[in-house]
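> Below: sequence and its predicted model.
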Amino acid sequence: MALPVAFFAAFFAYPVAAIVARGLKVDEAWQFGRIAEVVGQPDIRHVLWFTTWQALASTALTLLIALPAAYVFARFDFRGKQVLRAVVTVPFVLPTVVAGTAFLALLGRGGLLDEMWGVRLDTTVWAILLAHVFFNYAVVVRTVGGLWSQLDPRQEEAARVLGASRFAAWRTVTLPALAPAVAAAALMVFLFTFTSFGIVQILGGPAYSTLEMEIYRQTSQIFDLSTAAVLTLVQFAAVGAILVVHAWTVRRRETALRLVDASGTTHRPRGAGQRALLGGVLVTIAALILLPLGVLVQRSLKGPDGYGFTYLRALTSADGGAFLVPPIDAVGNSLQYALAATAIAVLIGGLAAAALTRRAGRFVRSFDALLMLPLGVSAVTVGFGFLIALDEPPLDLRSSWILVPLAQALVGVPFVVRTMLPVLRAVDERLREAASVLGASPWRVWREVDLPMVRRALLVAAGFAFAVSLGEFGATVFIARPDNPTLPVAVARLLGRAGELNYGQAMALSTILMVVCAVSLLLLERVRTDRTGEF
């Protein structure tokens with residue numbers, strides 16, 4: 001655990017503590033009275049209320065829409081299932097700024113719905129809620145569907161034989177077994193929507209602001225670090241409470257159930273009801289996920305003179321405005337940064353998962369929750385904290401290229417841990433003990449016992465870390481250099497500038513990023529097993 005602890009202490013705890021201290025310390029004295037003062041402001045209370053309300057509404061709507069899909073992916077076997085599973089995961093690994101861009105092209109001024117029926121939903125709360133469902137759909141499908149596929153269907157069938165109706169059998173047998181997974185998925189969705197930034201920034205307009213948006217505004221526009229520090233502490237407390245409950249639900253799910261091989265629980269849809277359910281899920285996926293992604297592609301190809309590659313060709317030249325280099329360079333920059341971040345995340349996350357497998361004390365359980373904090377703590381705070389904290393030897397990294405991969409790796413590590421941990425825990429400890437008795441060193445035990453069993457999980461973990469690192473935006477927007485922009489930062493800069501050419505280039509870059517993520521996920525589905533972790 002030494003290296004993971006040192007990594008999080010140096011590149012997470014220290015930058016966050018530094019920016020909070022910068023905001024709350026005046027002449028070496030802590031100004032804790034500032035907390036009550038800031039929280040008591042009417043506009044801040046309104047931000048806190050909207051942040052909580054929209055997160056609850058987004059979570060409820062996501063569960064309502066995604067749970068039928070979780071059942072379909074868990075219990076039905078149909079043609080194209082692997083490809084469709086990868087497709088529904090694409091929005092989750094896309095940066096939120098690209099998810100917002102896709103819905104802007106669909107719901108905004110001049111969007112598809114505006115052109116066809118004169119309907120605009122941008123700058124409304126409905127656009128935010130639908131985009132959050134689009135982004136978090138895969139969380140429910142993978143987390144709940146993964147467990148559902150391993151529940152023994154004979155238990156529910158036994159209840160039916162004993163006279164229970166289909167709904168009563170599901171409510172009394174299956175639902176209690178699924179409750180920990182549903183709770184874990186709901187908490188994760190709430191966490192992601194509570195800290196929403198890119199989607200609200202693009203679709204919400206000036207009327208709506210979440211806590212993360214307000215931290216960004218106070219930090220980068222008003223330069224009020226005191227208020228930003230207080231809001232960071234509020235967010236930190238809320239996220240910490242969410243993660244404690246999430247860790248408890250995950251432990252319940254891992255220890256309270258007897259699971260079976262998922263390959264034996266699926267079947268072809270039977271009867272009109274099951275075919276109708278499959279059809280309804282396919283229509284929902286087409287309308288909610290494929291349509292926004294398709295509009296993104298369509299807008300990237302629709303130029304002023306009709307369809308073509310005008311915007312893609314424009315990416316190869318620098319106009320001296322938003323970039324010092326051609327925007328297409330952001331593709332190469334992002335791939336290089338993401339590969340470096342993946343290597344860091346796999347190393348740190350793999351060591352942490354191995355340590356968590358072998359120890360179960362209170363300190364280790366606390367560290368398990370700590371590993372998830374970067375997913376919920378303000379990425380804006382982390383990015384700005386990098387700038388003001390990592391400026392002195394031996395951690396003077398402000399001019400180093402490694403700063404961006406370090407920030408991206410912080411987001412990738414939780415996915416590596418959550419993917420590898422269940423698989424490592426499934427390895428029979430007696431195999432390790434037998435190898436040790438026969439004279440194998442600890443390193444050889446890992447290489448010849450653990451590694452062959454977790455190789456697939458390791459590949460999936462690396463793939464998720466790569467895709468998530470590729471789309472990291474909140475912290476990177478502060479630390480990416482103008483001559484080395486990443487794809488999400490380039491998209492945000494182009495959207496922030498007026499003009500049809502900038503808009504088209506933003507759509508083209510978003511399409512490139514979407515294709516890279518989709519290809520990565522399709523490759524993951526080929527190596528994935530049904531026991532490959534929580535995601």
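Yes, it's here.
> Give the residue spans of the stretch 101-250 of the chain that score low on pLDDT.
246-247, 249-250 (pLDDT under 70).
> Please apply the same query to the chain.
The chain contains residues with pLDDT under 70 at 26-27, 246-247, 249-264, 318-324, 359-365, 525, 527-535.
> Strands of that one, residue ranges please.
25-26, 29-30, 302-303, 306-307 (DSSP state E).
> Relative to Ala184, which of these is closest?
In terms of Cβ to Cβ, the element of those nearest to Ala184 is strand 29-30, at 36.3 Å. For the C-beta atoms, the positions are set from N, CA and C on the backbone; glycine is no exception.
> Quick check: neighbours of the closest one in the sheet, parallel or antiparallel?
Strand pairing for strand 29-30, determined by DSSP bridges: strand 25-26 (antiparallel).
> Just put the strands of the chain in a markdown table and tack on mean neighbour count and distance to Thr89.
Shown next, in a markdown table, are the strands of the chain (neighbours: other Cβ atoms under 10 Å; distance: least, Cβ to Cβ, whole Å):
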| stretch | mean neighbour count | distance to Thr89 |
| --- | --- | --- |
| strand 25-26 | 12 | 43 |
| strand 29-30 | 9 | 44 |
| strand 302-303 | 16 | 27 |
| strand 306-307 | 8 | 29 |
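> and of these, who's closest to Gly349?
That would be strand 25-26 among the strands of the chain, by Cβ to Cβ, at 33.4 Å.
> before we move on, the earlier item: nearest to Asp329, out of the strands of the chain?
strand 302-303 (21.5 Å).
> So in that sheet, which strands flank the closest one, and in what orientation?
Strand 302-303 has its sheet partners listed here by DSSP bridges as strand 306-307 (antiparallel).
> about what we covered before: same list, the strands of the chain, but as JSON lines with distance to Pro91 please.
Formatted as JSON lines, the strands of the chain follow (distance: least, Cβ to Cβ, whole Å):
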{"stretch": "strand 25-26", "distance to Pro91": "41"}
{"stretch": "strand 29-30", "distance to Pro91": "42"}
{"stretch": "strand 302-303", "distance to Pro91": "22"}
{"stretch": "strand 306-307", "distance to Pro91": "25"}
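> all helices of the stretch 101-250 of the chain, in order?
Ranges of helices in the stretch 101-250 of the chain, per DSSP state H, counting those that start in this stretch, are 112-117, 125-148, 153-161, 166-169, 175-194, 198-203, 211-220, 225-255.
> Give the other helices and strands that the longest one contacts.
I take that to be helix 225-255. helix 14-24, helix 33-39, helix 42-75, helix 175-194, helix 211-220, helix 362-372 (3 or more Cβ pairs under 8 Å, 6 or more residues apart in numbering; DSSP states H and E).
> Next, find the distance separating Asp391 from Ala340.
21 Å (Cβ to Cβ, to the nearest Å).
> Which one's more surrounded, those two?
Ala340 (18 against 13; other Cβ atoms under 10 Å).
> what's the nearest residue to the more buried one if we skip its chain neighbours?
Pro405 (3.9 Å; Cβ to Cβ, 6 or more residues apart in numbering).
> Could you count how many residues lie near the one you found?
Neighbours of Pro405 using other Cβ under 10 Å come to 24.
> just to revisit the earlier point, now the helices and strands packed on helix 225-255 in JSON lines, please, with extra columns for distance to Val445.
Output for those, formatted as JSON lines (distance: least, Cβ to Cβ, whole Å):
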{"stretch": "helix 14-24", "distance to Val445": "35"}
{"stretch": "helix 33-39", "distance to Val445": "50"}
{"stretch": "helix 42-75", "distance to Val445": "35"}
{"stretch": "helix 175-194", "distance to Val445": "31"}
{"stretch": "helix 211-220", "distance to Val445": "44"}
{"stretch": "helix 362-372", "distance to Val445": "20"}
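> residues near Asp114, how many?
Using other Cβ under 10 Å, Asp114 is surrounded by 16 other residues.
> Same question for Thr89.
Residues near Thr89, counting by other Cβ under 10 Å: 26.
> I'd like to know how far it sits from Gly376.
Plainly put, Thr89 is 20 Å away from Gly376 if you go by Cβ to Cβ.
> Packed most tightly, which of the helices of the stretch 101-250 of the chain would that be?
Highest mean neighbour count of these: helix 198-203, a mean of 26 (counted as mean count of other Cβ atoms under 10 Å).
> Okay, the residue lying closest to Phe103 once chain neighbours are set aside and Asp122: tell me how far apart.
Sequence neighbours aside, Ala131 is the residue nearest to Phe103 in space, at 4.5 Å (criterion: Cβ to Cβ, 6+ apart). Taking Cβ to Cβ as the measure, Ala131 falls 10 Å from Asp122.
> Quickly list what's touching both of these two.
By Cβ atoms under 8 Å, 6 or more residues apart in numbering, Ala131 and Asp122 have these common neighbours: Phe103, Leu203.
> Surely Leu522 is in contact with Arg85?
No - proximity of Leu522 to Arg85 does not meet the contact threshold set by Cβ atoms under 8 Å, at 9.6 Å.
> Which one of these two is surrounded by more residues?
Shown here are Leu522 and Arg85; by other Cβ under 10 Å, Arg85 has more neighbours (20 against 16).
> I'd guessed the more buried one sits against Phe73; true?
Yes - shown here, Arg85 and Phe73 form a contact pair, counting by Cβ under 8 Å, at 6.2 Å.
> what residues do the two have in common as contacts?
Val141.
> For Ala138, find the nearest of the strands of the chain.
strand 302-303 (28.0 Å).
> Which residues does that closest one contact?
Contacts for strand 302-303 (Cβ under 8 Å, 6+ apart): Thr310, Tyr311, Gly504.
> and with 10 Å instead?
Strand 302-303 is contacted from outside by Gly308, Phe309, Thr310, Tyr311, Leu312, Arg313, Ala314, Glu500, Leu501, Gly504, Met507, using Cβ atoms under 10 Å, 6 or more residues apart in numbering.
> out of those, which are buried?
The neighbour-count criterion (16 or more other Cβ atoms under 10 Å) marks Thr310, Tyr311, Leu312, Ala314, Leu501, Gly504, Met507 among those as buried.
> Kindly provide the distance from the fourth one to Ala506.
Between Ala314 and Ala506 the distance is 11 Å, computed by Cβ to Cβ.
> what is in contact with these two at once?
Common neighbours of Ala314 and Ala506 (Cβ under 10 Å, 6+ apart) are Pro327.
> Look up the closest residue to Gln201, ignoring the ones flanking it.
Met213 (6.2 Å).
> That neighbour touches Gly100, doesn't it?
No - shown here, Met213 and Gly100 do not form a contact pair, counting by Cβ atoms under 10 Å, at 12.0 Å.
> list residues touching both of these two?
Joint contacts of Met213 and Gly100 (Cβ under 10 Å, 6+ apart) are Ser196, Phe197, Gly198, Ile199, Val200, Gln201, Gly204.
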